[in-house]
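**Q** Kindly return the folded structure for what I paste below:
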Amino acid sequence: MELRVNPVLLIVERIVKMKVRQKHILLIAAGIVFLSLFICQGSFGAVAGRETPTEGIISQSFMGPVTKKTIRYNIYLPDGYNSGDKRYPVIYHLHGLGGSERSGNQVVVRGLEKAMAAGVVGPMIIVFPNGHRDTMWADSKDGAKPAETNVIRELIPHIDSKYRTIAKRQSRVIQGMSMGGYGAVAYASKYPDVFSVCVNYDGAVHNWKTLTSRRGRISKGIFENDKEYFDKYSPWYNAKAKADSIRDKVAFRMVVGSLREFNENYRQHLENLNIDVDYVQTSCGHNLGCLIEKAGLESFAFIAKHTGSAGQVSRAVEIVSAKDLVYAKVGERELKLDVFRDKNAENALPLIVCVHGGAWTAGSKDWCPALRMVKSGYVVSSINYRLSQHAPFPAQIRDCKAAVRWLRANAKKYHIDPKRVGVWGASAGGHLVALLGTTGGNKELEGTVGGNLEQSSRVQAVCDFFGPTDLFDFYRDKANRHYNYTTTVVDRLLGGPIAENKELAESANPVNHVTGDDSPFLIMHGDKDDLVPMRHSDILDEALKKAGVETKLYVVKGAGHGFGGPEINRMIDEFFDRHLKTQKPTIQGGRARSGRW
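**A** Numbers count the residues shown, from 1 in each chain. From the prediction side, this is the model:
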């Protein structure tokens, strides 16, 4: 049997055998090392303490001082957070059953940013807590899932101490969707001294009877079938117990989709207690995106009114919108777009058109990051186009061209300068805007959808976020973990296998259309994007440079298939301003192209 010697005992033995002088030297050396580590630790700690938080949505965690457990949350910090010492109101958004702190982030933030761009509400922080998937945002009786303690006693104090919040009830909002809607009304009714506004998006506002009959697993697993314990967290019980305080302190809004029974009953319960409710029934199902699209602006206006954050908004620009405008009709299918503009604009303004992504199979005109630019002197439009399950390529680019022609044909009505049109798209939308920038006058891709053929579809500036530029590349990259997905998506776009549609695929590749008279390009791509690898942007940028077209490729370090933030916004603003504001419009010539612009 091999004998194993403990190395610690060997070191101790050698130290014991050392001479006194050697021991003194060793102690001095150890002290120096310890002191150095202590100083470094203090220095690093000081740097970390002063670390500038990242604007946008970030994931965070900390050790809960009460539960001694790790608490995870996502947080959105608005543009400009790092540029001053201003303090912000906070919205706590609670996720639904089976969700996590990542659920609904983009939808809620997009809704807030639309409202900010429209001048409805000032900048706010949004916090997305983790509610342990199935707790109804209560503490489970066995203590294993302390959702309420995590939020009320640990997360809120943590947020107020770490970030520049307005740490007062008046500036604190609780909202949620589904189970999170239940949690929102539960917290608002139990803690009227903590929150001033409650927005419930289609909440599953269970009472004890409906919970035990419809969600028996939760009534047993979280509340151990103990009604008295359930009542401690119940919005029904607490609203009645604290009605006087709630009546004076909390403003309730309910935006309802398919869970009408739950919400009408709870609304009646509050009204019987003389607690006012702003109640909105929508045509949405149980879908947060639809609910915020249909009633989000009004919800944020409600929040602004009751938190006092409306006064933080500059009202120099009054934004008006015209939504669901039909720009073309193909068979029975209507193609629609939205237009956003300054109501008080006297002169024609440059136009930015947003083209959404979604693998040519999903997405909608709800994606419009340029909306914030209305306040900077732009008209902004966001368009829908036929998805590949409804029509194969080139339907998508023909629809985009039809939308640009329609906007030019209606330029006077919407205060658009038809000579100054920019486009911005991401992913599949990036592919389509790249085609818009390289195929002006291409009769085959122009098509006749929507008419207005006397107008041009060419554009004066293109912002392309990680758009595919070579469809064949997806089939060569067999080691990519997304191989099956991306090749299936491309086959669907082409209406069949690429091997049988090579000519069509070639016509769908923006790199094949590049010539020297193309629009200026700003291309942005994350170097960690493995869905649409960065080489797609590399080859487009290289082709544009070779043709003598102005192009800038900005590589977002560490980013995958999606990114954002103030630095990105600054570069985009400067790009569009340079090509649509400070210079005369780029007049493209050379190729045979119809129209004046």
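**Q** Please count neighbours and contacts with C-alpha atoms only from this point.
**A** Noted.
**Q** Check what pLDDT Leu37 gets.
**A** Here the pLDDT value assigned to Leu37 is 43.
**Q** now the one 3 residues further on
**A** pLDDT recorded at Cys40 is 40.
**Q** Ok, Tyr191 next?
**A** pLDDT for Tyr191: 98.
**Q** what do you get for Val33?
**A** What the model reports as pLDDT for Val33 is 48.
**Q** so which helix or strand takes in Cys354?
**A** strand 349-355 (DSSP states H and E).
**Q** Outside of the helix or strand that comes right after that strand itself, which residues are in contact with it?
**A** The helix or strand immediately downstream of strand 349-355 is strand 379-383, counting by DSSP H and E. Under the criterion C-alpha atoms under 8 Å, 6 or more residues apart in numbering, residues 336-342, 349-356, 364-368, 370-371, 373-374, 400, 403, 414-416 lie in contact with strand 379-383.
**Q** helices and strands of this protein: which one bottoms out on pLDDT?
**A** Ranking every helix and strand in the chain by mean pLDDT, DSSP states H and E puts helix 20-49 at the bottom, with a mean of 47.
**Q** before we move on, the earlier item: pairing partners for the strand holding Cys354, with directions?
**A** Looking at strand 349-355 with DSSP bridges, its partner strands are strand 379-383 (parallel), strand 416-426 (parallel).
**Q** The stretch 201-350 of the chain: helices as residue ranges?
**A** Ranges of helices in the stretch 201-350 of the chain, per DSSP state H, counting those that start in this stretch, are 208-214, 216-221, 227-231, 235-241, 243-249, 260-272, 288-307.
**Q** And the second one, what does it pack against?
**A** Using 3 or more C-alpha pairs under 8 Å, 6 or more residues apart in numbering; DSSP states H and E as the contact definition, the elements that helix 216-221 packs against are helix 208-214.
**Q** thinking again about what came up before, tell me the mean pLDDT for the strand holding Cys354?
**A** On average, strand 349-355 scores 96.
**Q** mind exporting that strand as PDB, just the C-alpha atoms?
**A** What follows is strand 349-355, C-alpha atoms only, in PDB (Å, rounded to 0.1, in the frame of the first residue of the first chain):
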ATOM      1  CA  LEU A 349     -38.400  66.100 -41.900                       C
ATOM      2  CA  PRO A 350     -36.200  63.200 -42.800                       C
ATOM      3  CA  LEU A 351     -37.700  59.700 -42.500                       C
ATOM      4  CA  ILE A 352     -36.300  56.600 -40.800                       C
ATOM      5  CA  VAL A 353     -38.100  53.300 -41.600                       C
ATOM      6  CA  CYS A 354     -37.800  50.300 -39.200                       C
ATOM      7  CA  VAL A 355     -37.800  46.800 -40.600                       C
END
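**Q** that older thread, past the least confident helix or strand of the chain, which element shows up next along the chain?
**A** Using DSSP H and E, the helix or strand that follows helix 20-49 in sequence is strand 56-63.
**Q** Following the chain past that following strand, name the next helix or strand.
**A** By DSSP H and E, the next helix or strand past strand 56-63 is strand 70-77.
**Q** Run through this protein and note the low-pLDDT ranges.
**A** Scanning the chain for pLDDT under 70 picks out the ranges 1-54, 310-317, 582-597.
**Q** what secondary structure does the spatially most central residue of it sit in?
**A** Nearest to the geometric centre of the chain sits Gln106, at 2.6 Å (C-alpha atoms, centre = their mean). Following DSSP: H, G, I helix; E, B strand; the rest coil, Gln106 is assigned to helix.
**Q** gap between it and Ile292?
**A** Taking C-alpha to C-alpha, to the nearest Å as the measure, Gln106 falls 11 Å from Ile292.
**Q** now do Val549
**A** Separation of Val549 from Ile292 (C-alpha to C-alpha) stands at 41 Å.
**Q** again with Ala251
**A** Using C-alpha to C-alpha, we find Ala251 at a distance of 18 Å from Ile292.
**Q** again with Ser321
**A** Per C-alpha to C-alpha, Ser321 is found 16 Å from Ile292.
**Q** Also Val197?
**A** For Val197, the distance to Ile292 - C-alpha to C-alpha - is 17 Å.
**Q** So between the two, which is more surrounded?
**A** Val197 (29 against 21; other C-alpha atoms under 10 Å).
**Q** Pull the contacting residues for that one.
**A** 172-174, 188, 250-252, 303, 306-307.
**Q** Same check on Phe230?
**A** Phe230 neighbours (C-alpha under 8 Å, 6+ apart): 208, 223.
**Q** List the residues that contact the residue nearest to Asp477 when sequence neighbours are not counted.
**A** With sequence-adjacent residues excluded and distances taken as C-alpha to C-alpha, 6 or more residues apart in numbering, Asp477 is closest to Tyr483, at 6.9 Å. Counting by C-alpha under 8 Å, 6+ apart, Tyr483 touches 474-475, 477.
**Q** Would you map the helices across the stretch 401-550 of the chain?
**A** All helices of the stretch 401-550 of the chain, identified by DSSP H, counting those that start in this stretch, fall at 428-438, 443-446, 473-476, 483-494, 502-508, 535-547.
**Q** Out of those, flag the one nearest Ala204.
**A** Relative to Ala204, the nearest member of the helices of the stretch 401-550 of the chain by C-alpha to C-alpha is helix 483-494, separated by 34.7 Å.
**Q** how far is the closest one from where the chain is centred?
**A** Distance, stretch centre to chain centre, for helix 483-494: 25 Å (C-alpha atoms, centre = their mean, to the nearest Å).
**Q** For that helix, buried residues please.
**A** By neighbour count on 16 or more other C-alpha atoms under 10 Å, the buried set for helix 483-494 is 483, 486-494.
**Q** just stretch 201-212 next, same as before
**A** 201-208, 211-212.
**Q** Now do the domain split for this structure, please.
**A** For the chain, automatic domain parsing gives the domain ranges 56-312, 319-580.
**Q** quick check, nearest of the buried residues of stretch 201-212 to Ser427?
**A** Distance to Ser427, by C-alpha to C-alpha, is smallest for Tyr201 among these, at 29.7 Å.
**Q** Surely the closest one is in contact with Glu293?
**A** No - between Tyr201 and Glu293 there is no contact, the gap being 11.9 Å when judged by C-alpha atoms under 8 Å.
**Q** Identify the residues contacting Val199.
**A** Shown in contact with Val199 (C-alpha under 8 Å, 6+ apart): 173-176, 181, 184-185, 252-255, 299.
**Q** no wait, Arg420
**A** Taking C-alpha under 8 Å, 6+ apart, we find Arg420 in contact with 349-351, 459-460, 580, 585.
**Q** Greatest separation within these: which pair is it?
**A** For those, the maximum inter-member distance is 14.6 Å, found between Leu349 and Val459 (C-alpha to C-alpha).
**Q** okay, the two: which has more neighbours?
**A** Neighbour count, other C-alpha under 10 Å: between Leu349 and Val459, Val459 has more, with 31 against 25.
**Q** Bridged to the residue nearest to the more buried one when sequence neighbours are not counted, which residues?
**A** Using C-alpha to C-alpha, 6+ apart and skipping residues adjacent in sequence, the residue nearest Val459 is Val421, 5.3 Å away. Beta-bridge pairing for Val421 (DSSP bridges): Leu351.
**Q** repeat for Ile174
**A** For Ile174, the beta-bridge partners under DSSP bridges are Tyr92, Cys198.
**Q** Quick check, it in contact with Val194.
**A** No - using C-alpha under 8 Å, Ile174 is not in contact with Val194, being 9.3 Å away.
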